[in-house]
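Visitor: with the sequence up front, the predicted model follows.
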2 protein chains.
Amino acid sequence: MIVRKVSEAVIRRLPKYYRQLIALQAAGVERISSGKLAQQMRLNASQVRQDFNCFGGFGQQGYGYNVQHLLEEIRNILALDRVYPAIVVGAGRIGTALANFDGFSRDNIQIQALFDIKPELVGQTIHGKPVLHMDALETYIRDNGIRIGIIAARRSTAQDIADRMQAAGIEGIWNFAPVDVTVPGIPVENLHMTDSLLCLCYRIGHQLADME
Amino acid sequence: MIVRKVSEAVIRRLPKYYRQLIALQAAGVERISSGKLAQQMRLNASQVRQDFNCFGGFGQQGYGYNVQHLLEEIRNILALDRVYPAIVVGAGRIGTALANFDGFSRDNIQIQALFDIKPELVGQTIHGKPVLHMDALETYIRDNGIRIGIIAARRSTAQDIADRMQAAGIEGIWNFAPVDVTVPGIPVENLHMTDSLLCLCYRIGHQLADME
C-alpha cells in the first residue's frame, strides 16, 4: 500500500476509527455505510470518505464498508501487523500503572521490563515484569530488540533518557514526563495527562460547555 | 479579567506555559523574555506574545515577563485559584493509578472517593480513598460538592456514567474510557491514552521521524 502525505489530523483520527471498528465488530456488525460510521463518530460522511481516500478508498460506493476488512486495513495502516517490544523507564506510579495496563496486548505492544535507579525498586517484579537498573538500559534494548521506549520519569531526567534510548536503537518514544522531549530522527509522542485536566479546569472556570 | 473568544489552540497551550513557568520558578528564574520563553517551548516569540494578548498582555515590552507574576496570571486563567473536589468511577487499573497520582494536588484537584459495582472492590480503600458502590454516586456528588467526575470504566458503561454525573450536578468530566462521551451543557475532556500509542506505531511503521 502506498501512503502519501497524510495530514496530522487524519493520522490522529485513525485510532478513533480503529476503536470504533473494534466496537462494531464486537457488536456483530458486518457492514456499515460512511454516513452511519460518521454519525457514530460525530464526523460528517464526506470527511470519513476523504480520510479513507488517503489510503486508497476501501469501500464500495453505495454498498458500505465491510467492517472486518476495514478493521484489518486500518490495523495494517497503523502498523499493528507487527510486534513492538517495549520498556518503561521509571517504576513509579505511572510506570507501575503502565506495566499493568492490558489494553496494549491486542495492539502488539509488549512491555518487557522496567528501569529505575532506586535501590528499593531495582530487583523487584511489577506485574510480572522485572525492574532493572538504568545501567543496563542500552544493553537490554540492544539484546532484546526493544522498539518502543516509554518514559515515566521526572522532568529533569526525561531528555537524557530519551537520548540514551535513541543511541541504543529505540525506534519510537512515548513520553509521560511533564516536559516535551525531542529526539530528531525518531518519532516521539508526548502525552501530558495533566494538560488535559487543566484544560478541563479552564473550561469549567470559564463556563465553556460542550455544545451538541 | 475579561477573556474573549480564545481559540482551542491557545487553550491547549496554556497548560504548557503553566508547566514551563513552574519549571522556571523552580530553577530560580525571575524574568524571561518572550523570545527566550518561545525558544524553550519551541514556539516563536510572536506566537507567545499573541497568546498572552488574548488575556490582556502581562508583560512590559522589551523588559520581559516577571515569572512569578506570569505564573499567577496563568494559574488564575486556568481557574486554578479554586478547589475541585473529584471522584473516580471505576476502581480498576486506571482508576487505581489516578487515585495514587499526586501530580493533582498542586492543581487543586482532590480525588475524594472511587466508585465501582464489584463486590470485591466496594468497601476497600485505595491509597487512602474509599471505594463506594455506584448506587451512592448521585448522593455522594451532591452531599460533597463534587465538581469533577473522572470516568475510568468500560466503554459500554461510560456514557451512562457521564449522564448520571451530569444529572447529579458535576461541572466537568474527565473521561479515560476508550469511547468519546458527550454531555451537552458541561465540558468533557476525553483522554484516550492508547490513541497516542497507536499514532506512535503509525509513525514508526511509516518511518515518520521528528524533524528538528
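Guide: Yes, it's here. Numbering: from 1, shown residues only, chains lettered A, B, ... in the order given.

Visitor: can you tell me how far A:I146 is from A:I94?
Guide: 19 Å (C-beta to C-beta, to the nearest Å). Any C-beta I mention is one placed from the backbone N, CA and C, and that applies to glycine too.

Visitor: now do A:L78
Guide: A:L78 is 24 Å from A:I94, by C-beta to C-beta.

Visitor: same deal with A:L114?
Guide: Going from A:L114 to A:I94 by C-beta to C-beta gives 11 Å.

Visitor: which ones are touching the closest residue in space to A:Q20 that isn't next to it in sequence?
Guide: Residue nearest to A:Q20 in three dimensions, not counting chain neighbours: A:M41, with 5.6 Å by C-beta to C-beta, 6 or more residues apart in numbering or on different chains. The neighbours of A:M41, taking C-beta atoms under 8 Å, 6 or more residues apart in numbering or on different chains as the test, are A:16-17, A:20, A:48.

Visitor: give me the subset of those that lies in helices.
Guide: Of these, the ones assigned to helices by DSSP state H are A:16-17, A:20, A:48.

Visitor: wait, A:R147 sits on A:N108?
Guide: No - with contacts counted by C-beta atoms under 8 Å, A:R147 stays clear of A:N108, the gap being 10.2 Å.

Visitor: common neighbours of those two, please.
Guide: Common neighbours of A:R147 and A:N108 are listed as A:Y84 (criterion: C-beta under 8 Å, 6+ apart).

Visitor: just checking, next helix/strand downstream of the lowest-mean-pLDDT helix or strand in chain A?
Guide: Sorted by mean pLDDT, DSSP states H and E, the helices and strands of chain A end with helix A:93-99, the least confident at a mean of 86. Using DSSP states H and E, the next helix or strand after helix A:93-99 towards the C-terminus is strand A:109-116.

Visitor: B:R42 is in contact with A:D180, correct?
Guide: Yes - with contact defined as C-beta under 8 Å, A:D180 reaches B:R42; the gap is 7.2 Å.

Visitor: so which of these two has more stuff around it?
Guide: A:D180 (16 against 10; other C-beta atoms under 10 Å in any protein chain shown).

Visitor: skipping adjacent residues, who's closest to that one in space?
Guide: In space, A:D180 is closest to A:N190, 4.7 Å off (C-beta to C-beta, 6+ apart).

Visitor: quick check: beta-bridge partners of that neighbour?
Guide: A:N175 (DSSP bridges).

Visitor: list the contacts for it?
Guide: Contact analysis of A:N190 by C-beta under 8 Å, 6+ apart lists A:175, A:180-181.

Visitor: going by distance to chain B, which of those wins?
Guide: For the contacts of A:N190, the closest approach to chain B (C-beta to the nearest C-beta) belongs to A:D180, at 7.2 Å.

Visitor: returning to what we had before: could you dump the contacts of A:N190 to TSV with pLDDT?
Guide: Shown next, in TSV, are these (pLDDT from 0 to 100):
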residue	pLDDT
A:N175	96
A:D180	89
A:V181	93
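
Visitor: can you redo those residues as JSON lines with distance to B:G64?
Guide: Below are those laid out as JSON lines (distance: C-beta to C-beta, whole Å):
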{"residue": "A:N175", "distance to B:G64": "29"}
{"residue": "A:D180", "distance to B:G64": "22"}
{"residue": "A:V181", "distance to B:G64": "26"}
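
Visitor: ok, A:L137 to chain B distance?
Guide: Distance, A:L137 to chain B, by C-beta to the nearest C-beta, to the nearest Å: 19 Å.

Visitor: and the closest residue to that residue other than its chain neighbours, how many residues sit next to it?
Guide: Counting by C-beta to C-beta, 6+ apart, A:L137 lies nearest to A:F115, which is 5.5 Å off, once chain neighbours are set aside. Neighbour count of A:F115, defined by other C-beta under 10 Å: 26.

Visitor: and A:F115, what's its pLDDT?
Guide: Looking at A:F115, its pLDDT is 98.

Visitor: pretty sure it sits against A:D135.
Guide: No - the pair A:F115 / A:D135 is not scored as a contact, 9.1 Å apart, by C-beta under 8 Å.

Visitor: I'd like to know how many residues surround A:G185.
Guide: A:G185 has 9 neighbours, counted by other C-beta under 10 Å.

Visitor: tell me which helix or strand the nearest residue to it once chain neighbours are set aside sits in.
Guide: Spatial nearest neighbour of A:G185, chain neighbours left out: B:A209 (5.1 Å); criterion: C-beta to C-beta, 6+ apart. B:A209 is part of no helix or strand, with elements assigned from DSSP H and E.

Visitor: can you pull the pLDDT of A:S196?
Guide: In this model, A:S196 is scored at 91, pLDDT.

Visitor: revised request: answer the last question for A:S34.
Guide: The score at A:S34 is 88. That number is its pLDDT.

Visitor: am I right that it is in contact with A:V48?
Guide: Yes - with contact defined as C-beta under 8 Å, A:S34 counts as touching A:V48 (4.6 Å).

Visitor: overlap in contacts of the two?
Guide: Counting by C-beta under 8 Å, 6+ apart, A:S34 and A:V48 have no common neighbour.

Visitor: tell me the contacts of the residue lying closest to A:I109 once chain neighbours are set aside?
Guide: The shortest distance from A:I109 to any non-neighbouring residue, by C-beta to C-beta, 6+ apart, is to A:Y84 (5.1 Å). Contacts for A:Y84 (C-beta under 8 Å, 6+ apart) come out as A:108-110, A:147-148, B:201, B:204.

Visitor: what do you get if the cut-off is 6 Å, keeping everything else the same?
Guide: A:108-109, A:147-148 (C-beta atoms under 6 Å, 6 or more residues apart in numbering or on different chains).
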